[in-house]
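just to be clear, the model below is a prediction. Sequence and coordinates:
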Amino acid sequence: MSEQTNLLTRQQIAARAAQDMEDGWLVNLGIGMPTMIPAFIPKDRDVMFHSENGLIGMGPPPAEGEADQDLISAGKELVTMISGGSYVHHTDSFAIARGGRLDCAVLGAFQVAVNGDLCNWRLPNQTSGSVGGAMDIAAGSKRVFAMMSHTARDGAAKIVAERTYPLTAMQVVTKIYTDMAVISVTPDGLILNEVAPGLTADEVQAVTDAPLNMDDVGTINVAA
Amino acid sequence: MKGKKSATLEDAVGRIGDGASLLIGGFSDPGVPEFLIDGVCDLKRRDLTIITNNPGFRHGGIVRLIEEGCVARLVCSFQWGLEKELDGFRQLYDAGNVEIVPQGTLAERMRAAGAGLGGFLTPTAVGTDLAEGKPTMTVDGREYVLEKPLKGDFALIKAFKTDPRGNLIYRKTARNFNPVMAMAADYTIAEVQEDVAMDALDPEIIVTPGVFVDTYYVTGWYKIGKDRSG
């Protein structure tokens, strides 16, 4: 299919989201695609990463032979700490999350609704979900950005007028990064900010189950 | 002064009986008190309630407790990986004996128990399945869920170093739930990598004061997943 070739790769989505991480921010990254963001943060920006298992100032994976079994990310990956980082225990780590000290959380999603409802912890047909820290982080962050494929594997829209999946947090998502577009979630509805090179706004609208404002649509810069 | 050291693993965990509730430290693998868990397995107790962030992703540790039929109830935030391959977990879940709690709420419920509070109000989980049946309250225009304290008969925790009074420090992200669990149990058992002489730990860097620790057992350093092949 010709349209498949115009979808962004996971790295390209991460690179685009990284451009919106502002200097001085403390950011929490959800498991999966969001963990690719740190590699794409512009070098002139000081962005710190919070990992809810008690690590403020998470750094890249360790060099060969320098891994420490006691230093991991919330996604269970071996990591490092940057200069000026600190360790906290779990109650303090979640005080940071709930208490509004996270400038941003970038989380994966199964569904995002027009009103900003986030669904990312359990599929409707799953008997038991694994919530982890998703609800606390989504409820407490100053901003929540969703990062995901634009549609489900079966082609169903993931950006919807009303959620049908189990809720993680109400009305929290303000920005969506997908393999097709960058979309802002506002009180006045969804605004299509950018589309992937080679795609049209109408093509994005066709796989989005809610109206997109298309007054001012740019193209995602994938050269970065 | 009488130190808090247990000379043997049996001395450390032997008083845990059938039906006890256990807070068990760790997030993923770091900070899991693997020696203490094996000690409890060897006691062959029944009807235990296990409260822990993640019961485990591999065989050994808490998974061993579940597989050997010691566990009647499980409270955790993240069980993913178990339901697919572990019959014992599936049975617990199907019988309604697994309670899923958001991770920050899990930690704070233990803190409330340790701090003598009757509960707290959190914005976490408002409007979700996990808040069903729980009272809510609006404070200054924001809606919160009432969460109750969560305490254990015992806490099984892992620390880096202790002094004879049980003052503890931790290593990196192996700290996680261990300090809050130490606060929230009637009787706290720590396994520690190393015990040091009185005054060898700077009081300014103590994370868990010995008032929260009843006994400790020294394991030495060991590789995480000591009993696992894969």
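Structure received.

drop to CA atoms for contacts and neighbour counts, all remaining ones
Fine.

verify the stated contact: residue B:209 with residue B:167.
Yes: counting by CA atoms under 8 Å, residue B:167 is a contact partner of residue B:209 at 4.6 Å.

looking at the two, which is more packed in?
residue B:167 (22 against 18; other CA atoms under 10 Å in any protein chain shown).

give me the nearest residue to the more buried one, chain neighbours excluded.
Leaving aside its sequence neighbours, residue B:167 sits nearest to residue B:210 (CA to CA, 6 or more residues apart in numbering or on different chains; 4.2 Å).

which SSE is the most centrally placed residue in chain A in?
The centre of chain A sits closest to residue A:106, judged by CA atoms, centre = their mean, with a distance of 2.9 Å. Here residue A:106 sits within strand A:104-107, counting by DSSP states H and E.

what residues does the lengthiest helix in chain B touch?
In chain B, with assignment by DSSP state H, the single longest helix is helix B:103-114. Where contact means CA atoms under 8 Å, 6 or more residues apart in numbering or on different chains, the residues beyond helix B:103-114 that reach it are A:90-91, A:94, A:131-134, A:136, B:53, B:76-77, B:118-120, B:122, B:124, B:147-151, B:177, B:180-181, B:183-185.

swap in stretch B:209-224?
With CA under 8 Å, 6+ apart as the contact definition, stretch B:209-224 has outside contacts at A:69, B:4-9, B:12, B:29-30, B:35, B:165-168, B:182-183, B:187-195.

chain center to the lowest-mean-pLDDT helix or strand in chain B: distance?
Within chain B, no helix or strand scores below helix B:87-94, which has a mean of 86 by mean pLDDT, DSSP states H and E. Using CA atoms, centre = their mean, to the nearest Å, the mean C-alpha position of helix B:87-94 is found 20 Å from that of the whole chain.

same for it, what does it pack against?
In terms of contacts (3 or more CA pairs under 8 Å, 6 or more residues apart in numbering or on different chains; DSSP states H and E), helix B:87-94 is packed against helix B:62-67, strand B:71-76.

please name every helix or strand in contact with the last one.
When you say that, I think you mean strand B:71-76. The contact analysis (3+ CA pairs under 8 Å, 6+ apart) places strand B:71-76 against strand B:48-51, helix B:87-94, strand B:98-100.

what's the PyMOL syntax to select whichever of the contacts of stretch B:209-224 are buried?
Of the contacts of stretch B:209-224, the buried ones go into a single PyMOL selection, burial set by 16 or more other CA atoms under 10 Å in any protein chain shown:
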select buried, (chain A and resi 69) or (chain B and resi 4+5+6+9+12+29+30+35+165+166+167+168+182+183+187+188+189+190+191+192+193+195)
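
how about the residues of chain B by chain A?
Residues of chain B found near chain A, taking CA under 8 Å from any CA of the partner chain as the criterion, are B:27-28, B:30-31, B:77-80, B:93, B:100-105, B:107-108, B:111, B:123-129, B:171-180, B:223-224.

mind doing that once more with 6 Å?
B:30, B:77-80, B:102-104, B:107-108, B:124-125, B:128, B:172-177 (CA under 6 Å from any CA of the partner chain).

low-confidence stretches in chain B?
Within chain B, the ranges that satisfy pLDDT under 70 run B:57-59, B:80-84, B:227-230.

let's see it at 80
For chain B, applying pLDDT under 80 flags the ranges B:1, B:56-60, B:79-85, B:227-230.

run through the residues that contact the residue most central in space within it.
Nearest to the mean C-alpha position of chain B, counting by CA atoms, centre = their mean, stands residue B:24 at 2.2 Å. Counting by CA atoms under 6 Å, 6 or more residues apart in numbering or on different chains, residue B:24 makes contact with B:52, B:155-156.

against residue B:38, how distant is it?
The gap separating residue B:24 from residue B:38 is 12 Å, by CA to CA, to the nearest Å.

what do you get for residue B:209?
26 Å.

what of residue A:104?
40 Å.

cool, residue A:47 as well?
42 Å.

could you do residue B:135 as well?
Using CA to CA, we find residue B:135 at a distance of 39 Å from residue B:38.

which one's more surrounded, those two?
Between residue B:135 and residue B:38, counted using other CA under 10 Å, residue B:38 has the larger neighbour count: 18 against 11.

SS state for that one?
helix (DSSP: H, G, I helix; E, B strand; the rest coil).

so which bits of chain A are right by chain B?
Counting by CA under 6 Å from any CA, chain A comes close to chain B at A:53-54, A:70-71, A:89-91, A:94, A:130-133, A:135-136, A:139, A:167.

now the two most distant members of those residues.
The span of the residues of chain A next to chain B, defined through CA to CA, is set by A:70 and A:167 at 32.9 Å.

ok, the two, which is more surrounded?
Shown here are residue A:70 and residue A:167; by other CA under 10 Å, residue A:167 has more neighbours (23 against 18).

ok, now how distant is the residue of chain B most remote from its centre from residue A:169?
Most distant from the centre of chain B: residue B:141, at 34.7 Å, with distances by CA atoms, centre = their mean. Going from residue B:141 to residue A:169 by CA to CA gives 17 Å.

helices of chain A, start to end?
A:10-18, A:90-98, A:134-140, A:201-206.

any idea which of the ones you listed is most buried?
Of the helices of chain A, the one with the most neighbours on average (mean count of other CA atoms under 10 Å in any protein chain shown) is helix A:134-140, at a mean of 28.

so what does that one touch, helix or strand wise?
Under the contact criterion of 3 or more CA pairs under 6 Å, 6 or more residues apart in numbering or on different chains; DSSP states H and E, helix A:134-140 touches helix A:90-98.

show me how far the helix it packs on is from its chain's centre.
19 Å.

residues in contact with that helix: which ones?
Helix A:90-98 is contacted by residues A:52, A:54, A:137, A:140, B:104, B:107-108, B:176-177 when judged by CA under 6 Å, 6+ apart.

would CSV of the residues you listed with distance to residue A:206 be doable?
Compiled in CSV, the contacts of helix A:90-98 are given as follows (distance: CA to CA, whole Å):
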residue, distance to residue A:206
A:52, 37
A:54, 42
A:137, 31
A:140, 33
B:104, 39
B:107, 43
B:108, 44
B:176, 45
B:177, 46
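
which residues sit in contact with residue A:163?
Contact analysis of residue A:163 by CA under 6 Å, 6+ apart lists residue A:113.

and it, how far from residue B:130?
Per CA to CA, residue A:163 is found 17 Å from residue B:130.

how about residue B:10?
Distance, residue B:10 to residue B:130, using CA to CA: 38 Å.
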